[in-house]
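Student: everything below, folded, please.
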Amino acid sequence: MDPSARGDQPVDRRLPQGRQARRHLPPMPRQRIAERQGSLGGEQRVVASQVLEIVDAHHHFWDPERNYHPWLRDEPQIPFRYGDYKALCRRYLHEQYLADTRDYKVVGSVYVETEWDPTDPIGEMAYVAELRESGLPSVAVGQAWLDRADWGEVLERLTGFDFVRSVRHKPRPGDMKTATRWRRGFAKLARRLGRFDLQTPWIYLGDAADLAREFRSVRIFLNHTGLPVDRSPDELVGWRRAMARLAQEPNVVVKISGLGIPGVGWTAADNRGIVLTTIDLFGVDRCMFASNFPVDGLCADFGAVYRGFEKIVRDFSAEERRALFVDNARRLYAIPA
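Tutor: Numbering: from 1, shown residues only. Model prediction:
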């Protein structure tokens, strides 16, 4: 695998790097964000004049009958932000994904680890290698347990797959800040891989900011927009403050995804403020749209999610829109064109 594709070499993350670099798009002024928020009233369906190209920066495939995913196979269900997820406990592979994305032209995708059997993270990537024979995913984010004694060996084997670009570990409270073994594992990742997918509630983004500042060579992908699950005014104020702190670290980028609301669905009206605030804080060049399918299928169909994204950014320039839907994910995950 090309070391530059994995991010083995320390780099200055303040600007796009190397051959993957594109023109650095500046953050939008707050006045412009406000104008866009005010100009998008109504919930009429946006009908694109042509099929929209997308690189889906975060999705999953699984077959619970063939492979062991504890959360999909075991009873009782684990607590989950979308509630009952029995509908997910079934095969979701290319056939189902292509049916969901039929109105879009998927030109690339990022498979993200699926909480596969934690004793066999290599087996998951071997399975993904099989899946890629059908064309997708383009690249993958593997499962990581940074605090395990065998992490160094697992990391070495994961990076032996030429399509592995990053790993994900959902840290426990305190891991990023004070857990010695976890931080040692992260240091190994910094030296060998250089990318990390972080999924954590927004209340821990201060710890994430400190981690990003200490490990400048690691590009950190914040999953699911920092999980603003509670949409109450006070909680959103806290979420924005935490995101603003994290945005100060130039090696952090955001996947705008995971914004479904149980019992409500996915609408531009509900998510416009979160999407535009995120873009305002991080800048267009550090954000990318993603489906989180099939998980977000519990709240809305694929078209509703992406029509919502289209509606929210329809006043952006063509270059900005392409960056959010295609180019940023392709550049940041080193996905071949």
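Student: could you use CA atoms for every contact and neighbour count after this?
Tutor: Fine.
Student: for the stretch 151-300 of the chain, what spans make up the strands?
Tutor: Assigned by DSSP state E, counting those that start in this stretch, the stretch 151-300 of the chain shows strands spanning 164-168, 195-198, 219-222, 252-256, 287-289.
Student: with distance to Ala304 added, can I get those in a markdown table?
Tutor: Shown next, in a markdown table, are the strands of the stretch 151-300 of the chain (distance: least, C-alpha to C-alpha, whole Å):
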| stretch | distance to Ala304 |
| --- | --- |
| strand 164-168 | 27 |
| strand 195-198 | 25 |
| strand 219-222 | 23 |
| strand 252-256 | 15 |
| strand 287-289 | 13 |
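Student: Phe163 contacts Ser138, doesn't it?
Tutor: Yes. Between Phe163 and Ser138 there is a contact at 7.2 Å, judged by C-alpha atoms under 8 Å.
Student: those two: which has the busier surroundings?
Tutor: Phe163 (26 against 22; other C-alpha atoms under 10 Å).
Student: count the neighbours of the closest residue to the more buried one other than its chain neighbours for me.
Tutor: Excluding its sequence neighbours, the residue lying closest to Phe163 (C-alpha to C-alpha, 6 or more residues apart in numbering) is Val139, at 4.7 Å. Neighbour count for Val139, taken as other C-alpha under 10 Å: 26.
Student: what does Arg240 give?
Tutor: Arg240 has 18 neighbours, counted by other C-alpha under 10 Å.
Student: need the pLDDT of it.
Tutor: Looking at Arg240, its pLDDT reads 98.
Student: equivalent analysis for Gln17, please.
Tutor: With respect to pLDDT, Gln17 has a value of 31.
Student: next: Val11.
Tutor: At Val11, the model reports a pLDDT of 27.
Student: sorry, back to before: out of the strands of the stretch 151-300 of the chain, which comes closest to Gly108?
Tutor: strand 287-289 (12.4 Å; C-alpha to C-alpha).
Student: got a list of what Cys89 touches?
Tutor: Applying C-alpha atoms under 8 Å, 6 or more residues apart in numbering, one finds that Cys89 lies in contact with 64, 72-73.
Student: buried ones among these?
Tutor: 64, 72 (16 or more other C-alpha atoms under 10 Å).
Student: this protein: helices as residue ranges?
Tutor: Assigned by DSSP state H, the chain shows helices spanning 3-6, 30-39, 70-73, 94-100, 121-131, 151-158, 175-178, 180-192, 205-214, 233-247, 268-282, 302-312, 318-322, 328-332.
Student: for the ones you listed, which one sits closest to Val254?
Tutor: Val254 lies closest, by C-alpha to C-alpha, to one member of these: helix 268-282, at 7.8 Å.
Student: can you state the direction angle for the closest one and helix 302-312?
Tutor: Relative orientation of helix 268-282 versus helix 302-312 (axes from the mean of the first three to the mean of the last three C-alpha atoms, to 10 degrees): 60 degrees.
Student: would you mark the buried spots in helix 268-282?
Tutor: In helix 268-282, counting by 16+ other C-alpha under 10 Å, buried: 268, 270-282.
Student: ok, of those residues, which one's closest to Phe221?
Tutor: Distance to Phe221, by C-alpha to C-alpha, is smallest for Phe282 among these, at 12.0 Å.
Student: show the contacting residues for Arg66.
Tutor: By C-alpha under 8 Å, 6+ apart, Arg66 has no neighbours at all.
Student: let me know the pLDDT of it.
Tutor: 96.
Student: what's the answer for Arg36, then?
Tutor: What the model reports as pLDDT for Arg36 is 49.
Student: point out where the protein drops to low pLDDT.
Tutor: Scanning the chain for pLDDT under 70 picks out the ranges 1-49.
Student: now do the contacts for Val154.
Tutor: Residues in contact with Val154 (C-alpha under 8 Å, 6+ apart) are 121-122.
Student: starting at the chain centroid, how far to stretch 156-169?
Tutor: 16 Å (C-alpha atoms, centre = their mean, to the nearest Å).
Student: can you give me the end-to-end span of that stretch?
Tutor: End-to-end span of stretch 156-169 (C-alpha to C-alpha, to the nearest Å): 16 Å.
Student: mind listing what's buried along that stretch?
Tutor: Neighbour counts over stretch 156-169 (16+ other C-alpha under 10 Å) mark 158-159, 161, 163-169 as buried.
Student: do the same with stretch 69-84
Tutor: 69-72, 82.
Student: what's the answer for stretch 129-139, then?
Tutor: 129, 131, 136-139.
Student: how about those residues in CSV, adding distance to Thr101?
Tutor: Listed next are the buried residues of stretch 129-139 as CSV, based on distance: C-alpha to C-alpha, whole Å:
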residue, distance to Thr101
Ala129, 22
Leu131, 17
Leu136, 13
Pro137, 14
Ser138, 16
Val139, 18
